[in-house]
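[1] Here is the input, now give the coordinates:
(chains A and B)
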Amino acid sequence: MAGPDREYDVIVVGGGINGLTAAIYLQRSGLSVACFERKLEAGAGACTEEVMHPGVKVNLCACNMVTLWSPVYGDLELEKHGLEMLTSGEWGMFHPFRDRSAVMFHSFEAQKTYDQWSTINKNDAELFKNAFNTLGPMMGDTLHSTQFEQPQQGPAEVVEPGGLATMLRALIPQIPENAHELNGIELAEAVYEDEKIRTAVLTNCIMSGSHPWEGGMATLMPIIFPILQCVQSVTWTCRGGSHALTHALCSAFAAHGGRLFTGCPVDTIIMEGDEAKGVVLSEHAAYPEAEVRARRAVVSNLSCQPTFLDLVGEDKLPDWVAEGVHAYKNDEAVMFANYWVLDRPPHWEGYPEGIDTAFGFNYGLDSVADIRRLQHCLENDILPDPPIVAGLSVQGFAHADPTQAPPGQYTMMSWANVPYKLPEHGGPEKWDVIREDYGDKIDDLLREYNPQLTDSVIARYCNTPLDYYRKNPSQVMGGTASGPTSLKWFGTARPFPGCGAPRTPFGNLYLSNSIWPFGTTTLGAGYVAATVVAEDLGVREGQDWWRYQALEAGRETLAARGIEVSAPVV
Amino acid sequence: MAKLEREYDVIIVGGGPNGLVAAGYLAKAGAKVLLLERHHELGGGLITEEWSGFRFNTHAKLMMMMDVAPAYEDLELESWGCSYKHPDAAAAIFTRDGRALTLYPDIERSAASIARFSPADAERYSEVMQEWSILVEEALVPATFTLPMPMLDMVVSYQQSEVGELVNEMAEETFLETLDATGFENELLRTAILYLGTMYGMDPDGGLGFLLPLFFHRLLHASIISNGSHQLAGSLARFANNHGVTFERAAPVVKVLCDGTKAVGVRLAGGDEVFAKKVITTTNPQTTFLDLVGEDACNQASPSLVEQTKAWEWESTSTLNVHYALDRRPEHAAAEFDPAADRALVKIMGVETVDDLLEHIDGVRRGEFDLVGAGMTLTDLDPMQAPIDVEPGSAVACWETLAPYENAEGDWDDVAQGYAERILDTWAEYAPNLADARIIRSYVNHPAYIEAKLPDMKRGSIKHGAYVTTQMLSNRPNIDCSSYRTPIEDLYVAGASVWPGGMVLLAGGYNVAGVVADDLGLDRWWSEPDFVIRAREQGLVG
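    Below you'll find the model as predicted:
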């Protein structure tokens, strides 16, 4: 047969960035690995397409690339495979208000964040300083253990009183004694004095996938997030757009001898007894209905429901598994996107200096009441009107990387937080009907903050949650994080309690999606899957290239560019 | 950008199909190859992008030579993930009163459809197509995958065989004369043949009449690439990568570096310089010689090169294609008359007579846009190009037509979206179920967009320059460069502006690879196809 061999050690189903990550680690550890991808280009959400205007690159899903945080960046030498991480200016994020003020978050220098906050509220700036100087140096270890190791705890442990909250309280006296009983909003209101700082910080929590109206880990995010922002910045793009990450991963996989087969949807995971033994490709695949066996493992990079319901088959699931799979909530982290191309660089008349070249921002939230309004809308499937853009706006693509638009053109995007189901409009299929109208509402909202931006629009493209779902059936109901981001699905509870993810209730079958951590460009899910599979298959030992810790490789890269991060605030 | 090495055996400028093919052949021959592409994706016109999970092949769609191109086997494209699909019915021309004439790769099936319109033409069709098939298969296809003979040598050599004589005769004819010579009487059949012969911008009044049988025959054998045209680029790239080619994307070349009249390397937009024993450009002649090499070096190498290059003629018409993501496939009323027509790959609509077609072409040349075109529903052949998991029954439909680069009705940006609606209304006259279809997305790829996306297609010239006698065969791009070598030592040309031209034939890259392999003293590891060997015995290729 032309094409794939009859058998590999490991088969990875789905060539998203986390699937590719797992595939490369396992191939490089001495196993033979094949990865089957349904589309012609791998990368799933790390995609860049020319859907709006000629020469204008649209990063249709993943847009703020945090790959520099990842051990994968160093282990796999992604720079040598063509990946170049870029950012637009010194400031990573800002939160504008209608009165032309803004709360700002620096990309590398906590001192600058502190100075900017000091112009708004001295005490809040002091809190930040204290938190940064105490927790900043621990961030690498904390990130590594929470994002790049198989979780040992579920939501229950994270919220219990002896947990992290108590530990932090010992370090930061402003944290109230009853912190573990609070949710994120309550904590922000308890520790920050200024309403704008509270709002900006809580908005950034929402942007990072945390629901500040929840307790537990979410409680602490209003303190941790501003630190994360300037430990190494969350605001990067790849030269050439988000899809360049995919290209680098594909190049690394090929360089280590792995085989990626595109245009190859997988139809079935072959189960013998309770063990995964291989896959059968779809009748529409480049190798129609080919059966490929996996000697040691099958890793599914499809999300929870497609993996178990479609590929394994619902009839093969024990009741408790079927129950867990059906309970997996897909319609959180759902976004409506506006993409624009502008005829001049973004300029924020009357706002603080530095904002014009800042990478990203959020808008439409002027006080904590707006955070509550968003909570109400999302919990009740109400489409926010006016919209709320707490999912991230990026204006820095073209500043960071002029190759993403033709000369004289500048791209920008906004992710508004929306529910998927649209009951008031008659169901999710109505997204096609209301798409442009809702896009107009986002334009109108942005105009209240900065009319120059909307005045300079050459073209606009809107992408609805339904569009995300159609583009990637693994993003069930259009979720951008391959599943829920709320507390119930933290740690060992993801995708469902008892699963043991990335292990599954089935032998030889693993997940690199819908597991802890969320699917992001940290590549944490793929890395964790690789770690567990490699240990189970006994190939982890002796791989001396597999050595980086979180933040480490990024720090080296930035140091090479003369950027020092994490200096304490004085 | 990853650190490039300082020196390679071969640098290829441009990662379109020809650049990728050349890279694959040369790398497997042992050359150290660097391929530089200005865009973020490889493939040139082999573009597939997704709107809401609907794959729009915004540029190249129909592949005329996949079943004969040597690269398909040589570069193991199938094992690297490429496959192509032939439709059952290749083309159909629709009438406003609900009938359709359907054409197949198979001569007899076509004849049966023609017989419903003209029994006499049906008989003639079998005779004509036997002659045309021999012409195409024995002479023109082999010529595609070999270097063009100098014009005069060709005329003399072609006199040795019957089929060669026929090419010689047709070379002097216009498309219309070639069509008239068939003796076909039925207007619908005549229109269909001329439409397929001219749909990619050939001049019905120009010479080179043999291109009519070539395009007609090959479009009846056209295929589409499974999963989308870009999959072909991916497979070519994976083969090349597996043989050690270095790819650099988003790396525009601004200069071919010359030492006197000898090419020694290139300079990238960022200022980096890379050197090589051989440089192959796949850009159009004006970009290659005037911009990249520069007039000074050209003038030193050849007194006429600059003048010839400046006289290069772009195509007189460009192309518009409108892509629709629909909740249903178009169902044509003519299915009742002929079920096969409904699923024909190329569905010609809006024109029923040769005069109408000529008027359409003339109008486009005058800058006018009209509602004549070809509808294609690629998801009929390849359902996965629509998000059928989430939207069962949905489809991607595309309308392709000749269009003016300079539009008399206004700037393309202003008028294009209006055309999308008018075209769908027209299509609905033939496919009534489109009237209630939900349009999930539409995208108009118009001539100005073509030029903006693919700058070598200047003025929307999809073949990098007109197919006219002065720019074809050994005149493409000019007498000095049609052997793929150029007057600039160690500089080679291999894009659509070199014989045999554009249209993703996988030929220019194949031909140049042989030349460069010879000049580098590398083994040609591949063997010539049998059809070329047979043609050489008859004096039909050099």
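
[2] Domains in chain A, by residue range?
    A:7-83+A:240-328+A:482-555, A:99-232, A:334-480 (automatic domain parsing).

[3] Quick check: residues of the stretch 301-450 of chain A near chain B?
    Counting by C-beta under 8 Å from any C-beta of the partner chain, the stretch 301-450 of chain A comes close to chain B at A:403, A:406, A:432. (Each C-beta comes from the backbone N, C-alpha and C, glycine too.)

[4] which of the residues you listed lies closest to A:A567?
    Among those, A:T403 lies closest to A:A567 (C-beta to C-beta), at 31.7 Å.

[5] Quick one: residues contacting that closest one.
    The contact partners of A:T403, by C-beta atoms under 8 Å, 6 or more residues apart in numbering or on different chains, come to A:57, A:239-240, B:40, B:250.

[6] In TSV: the residues you listed, plus distance to B:A90, neighbour count and pLDDT.
    As requested, those are exported to TSV (distance: C-beta to C-beta, whole Å; neighbours: other C-beta atoms under 10 Å in any protein chain shown; pLDDT from 0 to 100):
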residue	distance to B:A90	neighbour count	pLDDT
A:K57	36	29	95
A:R239	43	19	93
A:G240	38	26	93
B:H40	34	20	91
B:A250	38	24	90
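
[7] which one of those residues sits closest to A:Q305?
    A:K57 (31.0 Å).

[8] which ones are touching that closest one?
    A:K57 makes contacts with A:48-50, A:240-241, A:397, A:403-405, A:411, B:40, as judged by C-beta under 8 Å, 6+ apart.

[9] now do B:M64
    Contacts for B:M64 were tallied using C-beta under 8 Å, 6+ apart; they are B:215, B:218-219, B:221-222, B:503-505.

[10] now swap in B:S110 and tell me
    Contacts of B:S110 (C-beta under 8 Å, 6+ apart): B:102-104, B:125, B:129, B:220.

[11] could these be laid out in a markdown table, adding distance to chain A?
    Formatted as a markdown table, those follow (distance: C-beta to the nearest C-beta, whole Å):
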| residue | distance to chain A |
| --- | --- |
| B:T102 | 25 |
| B:L103 | 26 |
| B:Y104 | 23 |
| B:Y125 | 34 |
| B:M129 | 32 |
| B:L220 | 25 |
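
[12] just to revisit the earlier point, so which of the contacts of A:T403 comes closest to B:A397?
    A:K57 (26.0 Å).

[13] any idea how far A:C63 is from the closest one?
    Look at A:K57 and A:C63: by C-beta to C-beta, to the nearest Å, they are 11 Å apart.

[14] so what's residue 176 closest to, chain neighbours aside?
    Unless you meant another one, I'm taking chain A. Spatial nearest neighbour of A:P176, excluding adjacent residues (C-beta to C-beta, 6 or more residues apart in numbering or on different chains): A:A190 at 5.2 Å.

[15] that answer is for a different chain, and I need it for chain B
    Using C-beta to C-beta, 6+ apart and skipping residues adjacent in sequence, the residue nearest B:L176 is B:P204, 5.5 Å away.

[16] Within the helices and strands, which one has B:K347?
    Using DSSP states H and E, B:K347 maps to strand B:346-349.

[17] For that strand, which outside residues touch it?
    Contact with strand B:346-349 is made by B:62, B:90-94, B:191-192, B:195-196, B:199, B:219, B:222, B:332, B:341, B:372-376, B:426-427, B:430, as judged by C-beta under 8 Å, 6+ apart.

[18] Mind checking which of these are in helices?
    Taking DSSP state H, the ones among the contacts of strand B:346-349 that sit in helices are B:191-192, B:195-196, B:219, B:341, B:426-427, B:430.

[19] Spit out the contact partners of the residue in the stretch 101-250 of chain B that chain A sits nearest to.
    Proximity to chain A, evaluated over the stretch 101-250 of chain B using C-beta to the nearest C-beta, is greatest for B:N227 at 3.6 Å. Each residue near B:N227 by C-beta under 8 Å, 6+ apart is listed here: A:39-40, A:262-263, A:286, B:48, B:55, B:382, B:384-385.
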